[in-house]
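**Q** Here you go, sequence then predicted model.
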There are 4 protein chains.
Amino acid sequence: MIRFDNDYTEGAHPFILEELVKTNTVQLPGYGEDEYCRLAAEHIKRHCANEDVDVHFMVGGTQANTTIISAILRPHQAVLAADSGHIAVHETGAIESTGHKVLELQNTEGKINADQIASYVQNHWDDPTHEHIPQPKLVYLSQPTELGTLYTKAELQAIRDVCLAKNLYLMVDGARLGYGMAAKTNDVTLHDLTTLTDIFYIGGTKVGAMFGEAIVISHDYIKEDFRYIMKQRGGMLAKGRFLGLQFKVLFEDNLYFDVSNHAIRMAELLLAAFKDKGIALKYDSPTNQIFPILEDDKIKELHDHYSFYVWEEAGDGRKAVRICTSWSTKEEDINSFIAAL
Amino acid sequence: MIRFDNDYTEGAHPFILEELVKTNTVQLPGYGEDEYCRLAAEHIKRHCANEDVDVHFMVGGTQANTTIISAILRPHQAVLAADSGHIAVHETGAIESTGHKVLELQNTEGKINADQIASYVQNHWDDPTHEHIPQPKLVYLSQPTELGTLYTKAELQAIRDVCLAKNLYLMVDGARLGYGMAAKTNDVTLHDLTTLTDIFYIGGTKVGAMFGEAIVISHDYIKEDFRYIMKQRGGMLAKGRFLGLQFKVLFEDNLYFDVSNHAIRMAELLLAAFKDKGIALKYDSPTNQIFPILEDDKIKELHDHYSFYVWEEAGDGRKAVRICTSWSTKEEDINSFIAAL
Amino acid sequence: MIRFDNDYTEGAHPFILEELVKTNTVQLPGYGEDEYCRLAAEHIKRHCANEDVDVHFMVGGTQANTTIISAILRPHQAVLAADSGHIAVHETGAIESTGHKVLELQNTEGKINADQIASYVQNHWDDPTHEHIPQPKLVYLSQPTELGTLYTKAELQAIRDVCLAKNLYLMVDGARLGYGMAAKTNDVTLHDLTTLTDIFYIGGTKVGAMFGEAIVISHDYIKEDFRYIMKQRGGMLAKGRFLGLQFKVLFEDNLYFDVSNHAIRMAELLLAAFKDKGIALKYDSPTNQIFPILEDDKIKELHDHYSFYVWEEAGDGRKAVRICTSWSTKEEDINSFIAAL
Amino acid sequence: MIRFDNDYTEGAHPFILEELVKTNTVQLPGYGEDEYCRLAAEHIKRHCANEDVDVHFMVGGTQANTTIISAILRPHQAVLAADSGHIAVHETGAIESTGHKVLELQNTEGKINADQIASYVQNHWDDPTHEHIPQPKLVYLSQPTELGTLYTKAELQAIRDVCLAKNLYLMVDGARLGYGMAAKTNDVTLHDLTTLTDIFYIGGTKVGAMFGEAIVISHDYIKEDFRYIMKQRGGMLAKGRFLGLQFKVLFEDNLYFDVSNHAIRMAELLLAAFKDKGIALKYDSPTNQIFPILEDDKIKELHDHYSFYVWEEAGDGRKAVRICTSWSTKEEDINSFIAAL
């Protein structure tokens, strides 16, 4: 069985394992106060071309989202997200468990836009009973989205402008950020994210690390006491070194970007093959998740050798499926899959 | 600098790193549903001599504690713990963040006893205004305690009897369980813990793993839907394989016990040296945390080459300090420290 | 200005004020443990023709909803409600503040049906990633709904059957229950509610009381420790006598039903007038909230003398508005309004 | 049975009932946006001699405390209180249910002092692991305390100075504030409270109202969006008029102070009698709660005709008891009690 069902089917990039082995007997303080965490943060600031950000490391995305959102909001405030957003759909109510409602906006190919946000917030304040409704205070975006699509810099700028005008915070969940940045159509840099958002994170789990998300904070209010809230949410790893050294390996040179580029190249091989064979795509994704529409019989046949998600019914005996490439995808596996198509 | 300040100063046992490297390219499903997690759970059940337990793996202790406690309690219910207990002292209010009060009982060398619990609970129900007070419903113990001491089987049995009589759940935080089980005076087995508690966990982070706690559940009510709550609390690792394979390595044979025995042997070398030199101990700990009372000058001098915690003022120009041994402590470092004394 | 904008514009039924004055100097214990609360509960049980229920009194609806929902659900569980339901729309995220997600189903004239619930729950359990999604465990209905409509006994029975089949709890928010029971088309009795739901409440605030909701619990699990959770949620009134005596007055004879009948008679006068004048209705409500569609000019003109809510745009220079009658509506005010139409 | 067991055994001051009856048919908007609430707020501002405060009305103390505390604190922050404080002892974990720990300081006759607070907070920041401990951010005082004692203006000023120096908020629970202000030894005015605290409340429930607490906010951060949080916590009464008109009656002239003075005069009759008879007092309370130490036999005998709380064991066959006077205490009942002594 060759797995294309997600981007975390294998272990970690070999360079990370090498570093693990090499540093194993070094004695270090815990809880993210070690030298590797310090170095990793420096490398990330350098790649961000911004010294004024704070960088922290957490194990996973749900932890990161609950920590960030509960660090920002007062009790009556809520977070706006696409109805396809990870926090709206796939975290077992983790955000609600911190007391906050997720206000869902209808997505278009996984995205929401500045007008939707402006209009929702304006309606809130125009409603004479707005004190009886959770107050929108934070916008949550995923870059790339859960459907593989990307916000352009112009789209992010427009959303940022609304956030500034309406007094909202803006966060970006970058669980697959590397794959977004490697996409051909991408025009958003890490530096842009430090100026266009109040906080974002750079996903490691799905981009070559064993685990880990690097949180980058621009807004002073969120910086304050962030480590307390990480600890309270169970997000401060005792042996923080393992987070530090992974991000050090990924960011001291360009490994994070190199492995992301590889995944995109693999995805493009698939896209070219789908185009050749006249196979339509459900979403126009330039990243590592692609959504071809296949015949039910073909899906059944492929499933004998390849694992991937059946995404949704597409009519006429067809279904959209999701295929993920990743840092670890082998070109020979892509070729064998294309042949099997 | 040689570090004795805690038991998580180094990486992980080499066998774990070897397994990491060896299995790195195997493709596996995520979220703890892989083969390594299955095998690790089987090995743990075997060591517990109990097939009726459920086994789950989480990254860290704070996560484990909030997940367990919020899985058990209704909103008005509270957890009884020693005032020196980890959940009472060192988790940034994580338990309160799930809505529950920690009811603190005065510790004696880190422990509480059956009479204290019985009396607290009886007073609750005798109070005509008990509906105005959080209801005690769960007892939290650490084995070994935060002060290195151990509950005997008889003490645990007495606490269990009170819990059954008063309709309380019983949980054991075993973040350092290996070191407890390796102690000369210990008479509590893993099997005992499966029958004397409703839920306990076996710490990996401090006993040779990179990270990870193995949760063992005996009580059916807690078993139900436990994975939902793990996910909600951010405690379900995407690449769950890394938890599974670590506990597989630790428990397929006796590695967990072997490394624990090593730490205890190192601690005993220290204890013998303290005895020789007439150095008193703050607590009577048979495990890997020991608390000698040293002169202030000596502490200053030792701190040039050895790191360890200053625990508390002991009068007469002396302080109690905490020295930790671990799976990774080198005998030569112990000898050098003893010489420096 | 004559107010039709809601059903709590005036004080309380005069019989309640009389009782208040008459009993004012009686010395009583607090927190709902007085004689009036006991009597009120007895009267309500008699009207329910069910001795096996528990009856409690709380000040308001948001309090009642958060207390009930947090008394029932474990942390990962969620409540299903119409997207027009009060808990989904108008409680400032109070349910989320207790940690639980409100899962919204699309309403039809304010109602949801058994098939929607069955299908949502089945989809949950069929989803292989259901542990990543809040678990539906409780169904919330309003009787009458926020749009004035009513569930028939057959509809409630069908929902109850789904709840039993799918292992769900069922609660009914009866903030306007009196007006529902007085409706011509109603076939649901208080007794039915005690057998078809696990818990429901009888609204006082909008039906002649100063304030207060009477909670009626059938399910043993919810009965247990309910007063603790009332207290924790700030819902246990110190001078509980004021809740007890109001519900005593409303239920010792038939006052609750008499005042409800009056409100319905007033609504029917309006409905007849709208029919006469060919004015369409937005929703087919048989209760005290009615939703005529009026011309914008007419609304402006009426607003000089009558207050009522503009509900929503209806096209062609018209809007749906909401007009409430209540226990205190004067027939002369209705007649003057009809004349002004 | 004559009740001295608390200060909420009777209904409400007759002037309040008269106003209720007189205004009953006036039609008003809900949720505290009516004319009576506006007037009551104005009267209170006048009595405070401070126009810059915001005034809100809530039904009860537990609601008020959870609303205030959750309005102020971020998730990792905690409230400092006397271990005898109401939030620490008698609210079923309501504060913890909002996610925050109550950090208990040892009380001296119900009070804590500036040094205790300063020292606790200093220790927090000096602790190198302070990120693992809830951050003290708010001080909760009761005036008068749960033991009837009072903070002097100098004591409050000293606590305020610490709060300003250590960046802490200060709140005062004034559930019995009237009785405190009426005490002979009191030197703290309402105006003082507006400048020495960030928020405090004036209790109505125990001082002649049916129910209700008037919240007075000085700090701008707490003012913002306070009504949202009131609504979320179930603390916004639909018929807010009932809160407004009660506080209007109590504060348009001096009724609140007059009834408080009466209660103190009644308490002083008792104090004089105890002194005469050589009966010792457990606490030196100048307010309406007094704590004589009586012989067990005498308690038993008195309990045949008078209800009061047995507070705690006092040795030698004696117990401290609590006797409350109130706005409604009759002088003849006091005299009969004194005679029975």
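**A** Good, I have the coordinates.
**Q** Helices of the stretch 1-150 of chain A, start to end?
**A** A:14-22, A:35-48, A:61-72, A:86-89, A:94-97, A:114-126 (DSSP state H, counting those that start in this stretch).
**Q** how about those helices, which one is nearest D:Gln232?
**A** helix A:94-97 (13.2 Å; C-beta to C-beta). For the C-beta atoms, the positions are set from N, CA and C on the backbone; glycine is no exception.
**Q** what about that closest one, average pLDDT?
**A** Averaging pLDDT along helix A:94-97 gives 97.
**Q** hang on, the earlier thing: figure out which of the helices of the stretch 1-150 of chain A is closest to D:Leu141.
**A** Evaluated with C-beta to C-beta, the helices of the stretch 1-150 of chain A place helix A:61-72 nearest to D:Leu141, the distance being 27.8 Å.
**Q** and the closest one, what does it pack onto?
**A** In terms of contacts (3 or more C-beta pairs under 8 Å, 6 or more residues apart in numbering or on different chains; DSSP states H and E), helix A:61-72 is packed against helix A:86-89, helix A:94-97, strand A:135-142, strand A:169-174, strand A:199-203, strand A:213-217, helix A:220-223, helix A:226-232.
**Q** change it to 7 Å
**A** The helices and strands touching helix A:61-72, judged by 3 or more C-beta pairs under 7 Å, 6 or more residues apart in numbering or on different chains; DSSP states H and E, are helix A:94-97, strand A:169-174, strand A:199-203, strand A:213-217, helix A:226-232.
**Q** TSV for the helices of the stretch 1-150 of chain A, including distance to A:Leu341 and mean neighbour count?
**A** What follows is the helices of the stretch 1-150 of chain A, written out as TSV (distance: least, C-beta to C-beta, whole Å; neighbours: other C-beta atoms under 10 Å in any protein chain shown):
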stretch	distance to A:Leu341	mean neighbour count
helix A:14-22	30	17
helix A:35-48	37	20
helix A:61-72	32	26
helix A:86-89	29	21
helix A:94-97	38	27
helix A:114-126	37	15
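**Q** Show me the one of the ones you listed that comes nearest A:Asp192.
**A** With C-beta to C-beta as the yardstick, what comes closest out of the helices of the stretch 1-150 of chain A is helix A:35-48 (9.5 Å).
**Q** Give me the contact status of that closest one with chain B.
**A** No: judged by C-beta under 7 Å from any C-beta of the partner chain, helix A:35-48 and chain B are separated, with a smallest distance of 10.9 Å.
**Q** on that earlier part again, can you put the helices of the stretch 1-150 of chain A in JSON lines and add distance to A:Ala183?
**A** Formatted as JSON lines, the helices of the stretch 1-150 of chain A follow (distance: least, C-beta to C-beta, whole Å):
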{"stretch": "helix A:14-22", "distance to A:Ala183": "23"}
{"stretch": "helix A:35-48", "distance to A:Ala183": "17"}
{"stretch": "helix A:61-72", "distance to A:Ala183": "20"}
{"stretch": "helix A:86-89", "distance to A:Ala183": "19"}
{"stretch": "helix A:94-97", "distance to A:Ala183": "28"}
{"stretch": "helix A:114-126", "distance to A:Ala183": "21"}
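**Q** Please report the distance of the residue in the stretch 51-200 of chain A positioned nearest to chain B from chain D.
**A** Taking C-beta to the nearest C-beta as the measure, the point where the stretch 51-200 of chain A comes nearest chain B is A:Gln63, at 3.4 Å. If you measure A:Gln63 against chain D using C-beta to the nearest C-beta, to the nearest Å, the figure is 14 Å.
**Q** Kindly report the same for A:Arg241.
**A** Distance from A:Arg241 to chain D, counting by C-beta to the nearest C-beta: 17 Å.
**Q** and that residue, backbone torsions?
**A** With angles defined as degrees, to the nearest 10, A:Arg241 sits at phi -50, psi -30.
**Q** show me the contacts for it.
**A** For A:Arg241, the contacting residues are A:Leu28, A:Asp34, A:Tyr36, by C-beta atoms under 7 Å, 6 or more residues apart in numbering or on different chains.
**Q** how close does it sit to A:Phe57?
**A** 10 Å (C-beta to C-beta, to the nearest Å).
**Q** how about the residues of chain A near chain D?
**A** Taking C-beta under 7 Å from any C-beta as the criterion, chain A approaches chain D at residues A:70, A:74-76, A:131-132, A:135, A:225, A:227-229, A:231-232.
**Q** quick one, what contacts A:Lys166?
**A** A:Lys166 makes contacts with A:Ala118, A:Val121, as judged by C-beta under 7 Å, 6+ apart.
**Q** can you pull the pLDDT of it?
**A** On the pLDDT scale, A:Lys166 is placed at 98.
**Q** and A:Gly208, how many residues sit next to it?
**A** For A:Gly208, the neighbour count with other C-beta atoms under 10 Å in any protein chain shown is 30.
**Q** any idea how far chain B is from it?
**A** Between A:Gly208 and chain B the distance, using C-beta to the nearest C-beta, works out to 11 Å.
**Q** picking that back up, am I right that the residue of the stretch 51-200 of chain A closest to chain B is in contact with A:Leu237?
**A** No: A:Gln63 is beyond contact range of A:Leu237, at 10.0 Å (criterion: C-beta atoms under 7 Å).
**Q** secondary structure class for A:Glu312?
**A** Here A:Glu312 takes the strand state, with states given by DSSP: H, G, I helix; E, B strand; the rest coil.
**Q** Fine by me, we can end here.
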